[in-house]
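Peer 1: show me how the following folds:
(one chain, ligands or ions: 2)
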Amino acid sequence: MHHRNGWDWQRAQVRDGRLDFREPDGLDRALRDGFFFVDQPPDTDLTGGDRFARSFYLPADSGDPYRGFRGWDEQRLGKHQGYFGRDEDQTEQFFLSSAHWKDVYPPEVADQAARMRDFALVVLRSVLARLDLPESQWDTATGGCLSGRGTYTLTFNHFRPQVRARGLNVHKDSGWVTVLRSTEPGLEVLRDGEWHPINPTPGAFIVNFGCAMEILTAQSATPVSAVAHRVGEQNSRGGPDRFSYALFVDSSLDGEVSPGMFRYEPGRGLVLAGRFDEFLDRILGNTYRKDTTGLY
Ligand SMILES: O=C(O)CCC(=O)C(=O)O
Ligand SMILES: [Fe+2]
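Peer 2: Ligands and ions are numbered 1, 2, ... in the order given. Below is the predicted model:
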């Protein structure tokens with residue numbers, strides 16, 4: 001349904017560990033849209049994450065443990081970890097997977113990351129329950145995500161308004177589900193050949209699906225869309241800079257845990273579709289380069 005003020009994105013809440021949509025066909029529509037809103041749980045405290053998003057890039061200051069994170073870089077933390085000042089995008093980012101949360105993030109941020117991960121896994125289970133994939137195969141299919149062996153990354157974006165560039169290039173997220181915290185407009189998604197804004201709703205996270213989910217389900221009875229999205233150029237409006245942060249659920253990068261990405265072929269089962277580490281390198285590399293897009 002098209003409303004005068006844009007696309008009618010679905011809205012859910014989590015009740016008794018399951019996604020409960022406002023509309024009777026809400027889940028099916030959300031799987032096709034690739035994006036939906038979900039109420040933050042009643043006890044959600046976002047102060048640590050919001051503060052980190054507004055501070056991580058600032059020079060260190062002994063009185064403020066949320067500043068001074070540029071020095072935590074890929075050399076120090078490992079591949080795809082730490083601070084990245086992108087060259088072709090306004091965003092400067094901080095990526096951190098769960099193995100590092102307690103050692104690097106301030107304690108409130110590490111706690112919030114774990115709560116967002118648990119919430120994302122509830123959302124993931126609810127979606128898997130709608131697919132024709134047997135439950136006994138869920139953990140294998142998702143590369144160990146449901147048994148705590150996946151890759152869980154909390155990533156912060158700060159959009160530098162003084163940089164003249166796109167905010168964040170066109171891309172699809174790599175993995176299963178993303179739980180996004182945003183308070184400002186700027187996010188746009190490609191749906192039916194047109195770019196539509198997704199404007200944040202107070203009290204709700206934005207959820208979207210990634211490539212791993214799209215590849216797994218493409219031939220199933222319930223294909224799930226990983227929708228291309230981007231952030232437009234942000235101008236200084238005299239107010240605070242735009243920030244966002246997201247909890248990404250991806251498959252394990254450890255070959256001992258998971259051989260890679262699967263597609264589900266009804267009648268045949270899980271079929272290996274390729275290595276996940278190589279896929280991730282490619283999609284991240286292509287997202288932050290000038291003349292490519294983070295699509296596959
Ligand atoms: O800033 C946003 O609203 C979206 C960020 C995003 O798409 C991402 O970090 O993958
Ligand atoms: Fe994204």
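Peer 1: show me where the stretch 1-150 of the chain has strands.
Peer 2: 2-3, 6-7, 10-15, 18-21, 35-39, 82-85, 91-97 (DSSP state E, counting those that start in this stretch).
Peer 1: just send these back as TSV, with mean neighbour count too.
Peer 2: In short, each C-beta sits where N, CA and C put it, glycine included. What follows is the strands of the stretch 1-150 of the chain, written out as TSV (neighbours: other C-beta atoms under 10 Å):
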stretch	mean neighbour count
strand 2-3	8
strand 6-7	14
strand 10-15	17
strand 18-21	17
strand 35-39	22
strand 82-85	18
strand 91-97	22
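Peer 1: wait, doesn't Phe36 sit right on Arg11?
Peer 2: Yes - counting by C-beta atoms under 8 Å, Phe36 does reach Arg11; the two are 6.7 Å apart.
Peer 1: tell me, what's touching these two both at once?
Peer 2: Here Phe36 and Arg11 have Phe21, Gly26 as joint contacts, going by C-beta atoms under 8 Å, 6 or more residues apart in numbering.
Peer 1: the strands of the stretch 1-150 of the chain: which one's closest to Ile198?
Peer 2: Among the strands of the stretch 1-150 of the chain, strand 35-39 comes nearest to Ile198, with 6.0 Å by C-beta to C-beta.
Peer 1: quick one: strands adjacent to that closest one?
Peer 2: Strand pairing for strand 35-39, using DSSP bridges, gives strand 10-15 (parallel), strand 204-209 (antiparallel).
Peer 1: name the next helix or strand downstream of the helix or strand hosting Tyr152, please.
Peer 2: Assigned by DSSP states H and E, Tyr152 belongs to strand 151-159. Sequence order places strand 168-171 as the next helix or strand after strand 151-159, per DSSP H and E.
Peer 1: how long is stretch 36-45 end to end?
Peer 2: The first residue of stretch 36-45 is 21 Å away from its last residue (C-alpha to C-alpha, to the nearest Å).
Peer 1: hmm, who's touching it?
Peer 2: By C-beta under 8 Å, 6+ apart, stretch 36-45 touches 9-14, 19, 21, 26, 30, 46, 108, 112, 115, 119, 123, 179, 201, 203-208.
Peer 1: just give me how far it sits from the chain centre.
Peer 2: 15 Å (C-alpha atoms, centre = their mean, to the nearest Å).
Peer 1: next: stretch 279-289.
Peer 2: 15 Å.
Peer 1: picking up where we left off before, briefly note if the strand holding Tyr152 comes near ligand 1.
Peer 2: Yes - residues of strand 151-159 contacting ligand 1 under C-beta under 6 Å from any ligand atom: Thr155, Asn157.
Peer 1: who does that strand touch, helix- and strand-wise?
Peer 2: Strand 151-159 sits against helix 47-53, strand 91-97, helix 107-128, strand 243-250, with contacts defined as 3 or more C-beta pairs under 8 Å, 6 or more residues apart in numbering; DSSP states H and E.
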